[in-house]
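Undergrad: A structural model of the following input is requested.
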Amino acid sequence: MKEAFEAFEREDWDEAERLYRALLAEPEQEENAMHMLAFTLAMKKEFNESRSLYEELLRQAEQSDDHDEAAAISMHQLAMVCRMEGDASTARKWLERERNLRRDRLPDDHKGHSANAYEFGETALLEGQLEEAIGAFRLALREGKKAEDDMCIACAWRGIGQASALFGHDPGPAYQQSMGAFRRAGDAKGEEEVRSLLEQQSG
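TA: Model prediction:
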């Protein structure tokens, strides 16, 4: 699994796919391998198989006794894949299902609520709904702060910066906050990506 994740991290999608497919044969690794294979395929824009894997993970989660968190994660990932495909309306349907499940069954999972709100923001950006997007990113930030999760905080500030730039406002302060949170989270890649956004904006 470590070797496969390292391939994923360096964006060697073909190698990551090969390694995750091999891990599907190991029962104790199968579920994690399915998740990461689906994510890898989404990055390769092989959306049909990616969705099929997440749908199977959702089906398995809903058949298990303690399924709420696993089901919510699968719904979230399905929304992400649909959004990456450009299908905002289907992405919204999955996000609404995830949000309802989290509100009903996982009200204190602030990290999960932050991720859900963030994905709503990304979907709203895809649709050109800027006010809705910035509201969703601000909710993601509030929930991320409740969770004390720097990755959630970093992503939320990045989203606020991107929405602010589209509004014609200065995204610099939001991007600075995002870089600081990525730094605290130890995510140098995320920090560098936001720095590139800031340089593009100021350039």
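Undergrad: In the protein, where is pLDDT below threshold?
TA: 203 (pLDDT under 70).
Undergrad: all strands in it, in order from the N-terminus.
TA: Taking DSSP state E as the criterion, the chain carries no strands.
Undergrad: which residues of it fall in helices?
TA: Applying DSSP state H to the chain gives helices spanning 2-9, 13-23, 30-43, 47-63, 68-85, 88-105, 110-126, 130-147, 150-167, 172-185, 188-202.
Undergrad: could I get those helices as CSV with mean neighbour count?
TA: C-beta coordinates here come from the backbone N, C-alpha and C atoms, glycine included. Shown next, in CSV, are the helices of the chain (neighbours: other Cβ atoms under 10 Å):
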stretch, mean neighbour count
helix 2-9, 15
helix 13-23, 18
helix 30-43, 20
helix 47-63, 17
helix 68-85, 21
helix 88-105, 17
helix 110-126, 23
helix 130-147, 20
helix 150-167, 23
helix 172-185, 19
helix 188-202, 15
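Undergrad: and the gap between residue 166 and residue 56?
TA: 36 Å (Cβ to Cβ, to the nearest Å).
Undergrad: Distance of residue 147 relative to residue 138?
TA: 15 Å.
Undergrad: for residue 50, same thing?
TA: Distance from residue 50 to residue 138, by Cβ to Cβ: 29 Å.
Undergrad: for residue 77, same thing?
TA: 23 Å.
Undergrad: ditto for residue 51
TA: Counting by Cβ to Cβ, the gap from residue 51 to residue 138 is 29 Å.
Undergrad: Next: residue 117.
TA: 8 Å.
Undergrad: Between these two, which contacts overlap?
TA: residue 156 (Cβ atoms under 8 Å, 6 or more residues apart in numbering).
Undergrad: Leaving aside the residues adjacent along the chain, what's closest to residue 14?
TA: residue 44 (7.9 Å; Cβ to Cβ, 6 or more residues apart in numbering).
Undergrad: Sweet, I'm off.
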